[in-house]
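Novice: any chance you can model this:
(chains A and B)
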Amino acid sequence: ILNVEQSPQSLHVQEGDSTNFTCSFPSSNFYALHWYRWETAKSPEALFVMTLNGDEKKKGRISATLNTKEGYSYLYIKGSQPEDSATYLCAFLNAGKSTFGDGTTLTVKP
Amino acid sequence: GAGVSQSPRYKVAKRGQDVALRCDPISGHVSLFWYQQALGQGPEFLTYFQNEAQLDKSGLPSDRFFAERPEGSVSTLKIQRTQQEDSAVYLCASSLSTGANYGYTFGSGTRLTVV
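Specialist: Residues are numbered from 1 along each chain as shown, chains lettered A, B, ... in the order given. Predicted coordinates:
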């Protein structure tokens, strides 16, 4: 059983704050890590596909880094906005399928 | 279609009833995945298909669960003799490939409640 852990479980920040959260995964046999954003009443939406150690990806105010040797990825949100409120999931790809963490639920207060 | 379509959106079943959940993936997406999501947890893998071939069904919790994708497009997840512990959101996702660079496109899910 693959262990994919996300922390913290939930996070409440004020509008304008920057924040980050963590995904940890097995450091052996790394293939790929994906990040998804899941807004309430919508489908999970792919944010980043990360495949190489040291990868850094950016999409607007959101960015992610990857360390495959130590088995973690960070997701950063700069200047959080209320529309960033969602659950952020990471998924570790192995043997053709993804194993998801339980997510970090971010609430941004105006 | 433009996205992954799942139906029904909500299903209430009496304990012991059989249910069938449908997933219509994005046209041309070879890979199709079923996940089960309990409240407060991440999606848990059930099974996946490459075209019509079911390559991994290791996540199906019991022999009451059965999935098929006979023509390599639409897939159906069937649950026989539903139990209360089957209550969850069932998510379907499709992908161009199982390769590392291909993220999933998810449907909106089917929320199953067994009473």
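
Novice: quickly list what residue B:48 is bridged to.
Specialist: residue B:33, residue B:56 (DSSP bridges).

Novice: any idea how many residues pack against it?
Specialist: By other CB atoms under 10 Å in any protein chain shown, 28 other residues sit near residue B:48. For the C-beta atoms, the positions are set from N, CA and C on the backbone; glycine is no exception.

Novice: for it, give me the pLDDT.
Specialist: Residue B:48 is assigned 95 on the pLDDT scale.

Novice: from memory it sits against residue A:93, does it?
Specialist: No. If you go by CB atoms under 8 Å, residue B:48 and residue A:93 don't touch, sitting 11.7 Å apart.

Novice: overlap in contacts of these two?
Specialist: Counting by CB atoms under 8 Å, 6 or more residues apart in numbering or on different chains, the common neighbours of residue B:48 and residue A:93 are residue B:98.

Novice: quick one: the most centrally placed residue in chain B and residue B:107, what's the gap?
Specialist: Central residue of chain B (CA atoms, centre = their mean): residue B:34, 3.2 Å from the mean position. From residue B:34 across to residue B:107, the span is 10 Å (CB to CB, to the nearest Å).

Novice: now for these two: what residues contact both?
Specialist: B:23, B:91, B:92.

Novice: who are the contact partners of the first one?
Specialist: Same thing as residue B:23. So residue B:23 contacts B:4, B:5, B:6, B:32, B:34, B:74, B:75, B:76, B:77, B:92, B:94, B:107 (CB under 8 Å, 6+ apart).
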